[in-house]
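> take this sequence and fold it.
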Amino acid sequence: MIGLPKTTELNRQLPKNAIYAKFQMNTAEKERIDRDISRIYIVNEISAEKVNLKEGAEVKSFFVMSVLLKRKDFDEKNIITLSKLIPQNIVMVLEYGGEAKLVTYRNKLLQTVWMPKEKLSIEMKGLDLDAAWENIIIQIGDLTIEQGRTLDEQISIDGQRAKLQKKIDRLEKLARTEKQPKKKFELAQQVSKLKKQMEGVL
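Numbering: from 1, shown residues only. Okay, here's the model as predicted:
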């Protein structure tokens, strides 16, 4: 799956009931996950024994999980919950109606766009599993690591920029439709202030 070596392939179903029991989830939590997720399979295990890479200092292995969804507009909180419950490095392939996307959690949910399932792939790059795993996160999150920054710093900064940009877009939209000059001016000032904040995050 997703272009990984055949030596890594598994086909092991992970029953949702086993997850519920292991983590003692209450009825409401179970129902939330049930609304979005149909079935879960572990489809790849990447480790030094299975690929031509050394163990990393931190990453000894990682897994690919296929998550069959009941709806395309899934609640991201359910995927985050699943990521946090399973104490492994995991790439999830979310599948719905012939389309799929790659998702992983690293301080926030990182995901690709939806595309035909057969077009999904990840590239194993790096001298060891630490580097390979970091590069997979970069690929899924479509991240550009700026000079002097760590991966986690870049994810945090990109998140701050995205939040500020969302606020700017919302205020600019309000300003365009605002009829009162005074209110329009106030909105423009707020936009200007947020843009200065954005420069401070760069």
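> residue ranges with poor pLDDT in the protein?
201-202 (pLDDT under 70).
> residues contacting Glu123?
Counting by C-beta atoms under 8 Å, 6 or more residues apart in numbering, Glu123 touches Gly3, Asn135, Ile136, Gln139. To be clear about C-beta, it is placed using only N, CA and C from the backbone, and glycine gets the same treatment.
> okay, and the one residue sitting closest to the centre of the chain sits in which element?
The residue lying closest to the centre of the chain (C-alpha atoms, centre = their mean) is Leu110, at 2.1 Å. Take DSSP states H and E as the rule and Leu110 turns out to sit in strand 109-111.
> quick one: list the elements packing against that strand.
helix 76-85, strand 99-105, helix 129-141 (3 or more C-beta pairs under 8 Å, 6 or more residues apart in numbering; DSSP states H and E).
> name the residues of the longest helix seen in the chain that come out as buried.
Scanning the chain for the longest helix, with DSSP state H as the assignment, gives helix 151-177. Of the residues in helix 151-177, those buried under the neighbour-count criterion (16 or more other C-beta atoms under 10 Å) are Leu151, Gln154, Ile155, Asp158, Leu164, Ile168, Leu171, Ala175.
> okay, those in CSV with distance to Ala100 next?
CSV is the format used below for the buried residues of helix 151-177 (distance: C-beta to C-beta, whole Å):
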residue, distance to Ala100
Leu151, 24
Gln154, 25
Ile155, 23
Asp158, 23
Leu164, 31
Ile168, 32
Leu171, 35
Ala175, 39
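> looking at these, spot the one nearest Arg32.
The nearest member of these to Arg32, counting by C-beta to C-beta, is Ile155 at 25.4 Å.
> contact partners for the closest one?
Here Ile155 is in contact with Arg106, Asn107, Lys108, Leu110, Gly141, Leu143 (C-beta under 8 Å, 6+ apart).
> buried among these? Need that as a selection in ChimeraX.
ChimeraX command restricting the contacts of Ile155 to the buried ones, with burial defined by 16+ other C-beta under 10 Å:
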select :106,110,141,143
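> good, we can wrap up now.
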